[in-house]
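*Asks:* Sequence plus the predicted model coming up.
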Amino acid sequence: MKTKILVIDNEMPIRKAFVKMLEHFIDDSYEIFEAEGVKTGKFIFDQIQPHILYLDIELDDGSGFDLLNLIDYSNTQLIFTTAHNQYAIRAFEYSAVNYLMKPISPSALQKTLAKAKENIGSTEIVTQVKHLLNHIQNPQVQEQKIVLKDAAGIYFVLIQDILYCEADGPYTRFCIKDDATIIVSKNLKEYEDLLLPYGFARCHHGYLVNLRKIKTIDRGDGNTIILENGSQIPVSYRKKEEILQLISGLFLVPK
């Protein structure tokens, strides 16, 4: 049986160029279909039940999110495409949902295609999209979660429960309350960009710390943070003043 790919984009020249790019990375075992909006997208989706869906966010007769409310995508690998919706991109990252930024590079497309083909049959996307939509519709909710994946499974973790993140080569180790640990295959820099708005700070080249979980800063040299669970985190010399200033902004610190 052929692997069916559906590409939904309202701008025909962009869609045609995307399909042509796709064709460079597939063989006769794939079949590509196209649609330009919510209505036509739903019709074709229901007809073919694609294995992989490349879905533009902004369509003429609605949004990609509107389409998701009309179809059963539980057995489909979903990749969003977007040109400029920066908040949506941040939400994709929190939810670990695959996406492509326009203009789309061939290498990025090839990467998402390989990953989608590998994950065909997985139904994780349903809970991930639910989390994504909740993040987009309720951006100010205090109990925001981040989706983390490791070899064993997928985890929905309250951001406020993360104590610190530690670099481990190309991986990141998350230390969560109750001494739980999750290791994910993304580097620390990617999570720094995501977690800074939630009161995290890069205190050392190898550590990202939740400032609200700090119990003590060692007065001896000021270069060690002790967290609520007793973990000791190093602070680089050049980061010391920045960390103290950030803490002062979160808590009432006497002069």
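*Replies:* Received it, and whenever you're ready, just let me know what you need. Numbering: from 1, shown residues only.
*Asks:* Of all residues in the chain, which one is nearest the centre?
*Replies:* residue 93 (1.8 Å; Cα atoms, centre = their mean).
*Asks:* Quick one: residues contacting it.
*Replies:* Residues near residue 93 by Cβ atoms under 8 Å, 6 or more residues apart in numbering: 190, 193, 194. (Each C-beta comes from the backbone N, C-alpha and C, glycine too.)
*Asks:* just those residues now: which is nearest residue 184?
*Replies:* Distance to residue 184, by Cβ to Cβ, is smallest for residue 190 among those, at 9.4 Å.
*Asks:* Work out for me the element that closest one sits within.
*Replies:* Per DSSP states H and E: residue 190 is located in helix 188-195.
*Asks:* picking that back up, quick check, the residue nearest to the centre of the chain in a helix?
*Replies:* Yes. Applying DSSP: H, G, I helix; E, B strand; the rest coil, one finds residue 93 inside a helix.
*Asks:* From residue 131, how far off is it?
*Replies:* For residue 93, the distance to residue 131 equals 12 Å [Cβ to Cβ, to the nearest Å].
*Asks:* Dump stretch 195-204 to PDB, restricted to CA.
*Replies:* Extracted as PDB, the C-alpha positions of stretch 195-204 are listed here (Å, rounded to 0.1, in the frame of the first residue of the first chain):
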ATOM      1  CA  LEU A 195      11.500  28.500  29.200                       C
ATOM      2  CA  LEU A 196      12.900  32.000  29.800                       C
ATOM      3  CA  PRO A 197       9.400  33.600  29.800                       C
ATOM      4  CA  TYR A 198       8.500  31.200  32.700                       C
ATOM      5  CA  GLY A 199      11.100  32.400  35.100                       C
ATOM      6  CA  PHE A 200      14.000  30.200  34.000                       C
ATOM      7  CA  ALA A 201      17.600  31.500  33.500                       C
ATOM      8  CA  ARG A 202      20.800  30.200  32.100                       C
ATOM      9  CA  CYS A 203      23.100  30.300  35.100                       C
ATOM     10  CA  HIS A 204      25.900  28.300  33.600                       C
END
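*Asks:* Could I get the buried residue list for it?
*Replies:* 195, 199, 200, 201, 202, 203, 204 (16 or more other Cβ atoms under 10 Å).
*Asks:* Let's have those in TSV, adding pLDDT.
*Replies:* TSV is the format used below for the buried residues of stretch 195-204 (pLDDT from 0 to 100):
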residue	pLDDT
195	91
199	86
200	91
201	91
202	91
203	90
204	90
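*Asks:* Filter those down to the ones in helices?
*Replies:* residue 195 (DSSP state H).
*Asks:* Return the subset of the buried residues of stretch 195-204 lying in strands.
*Replies:* Among the buried residues of stretch 195-204, DSSP state E puts 200, 201, 202, 203, 204 in strands.
*Asks:* For the fourth one, which residues are in contact?
*Replies:* Meaning residue 203. By Cβ under 8 Å, 6+ apart, the neighbours of residue 203 are 209, 225, 233, 234, 235, 236, 239, 243.
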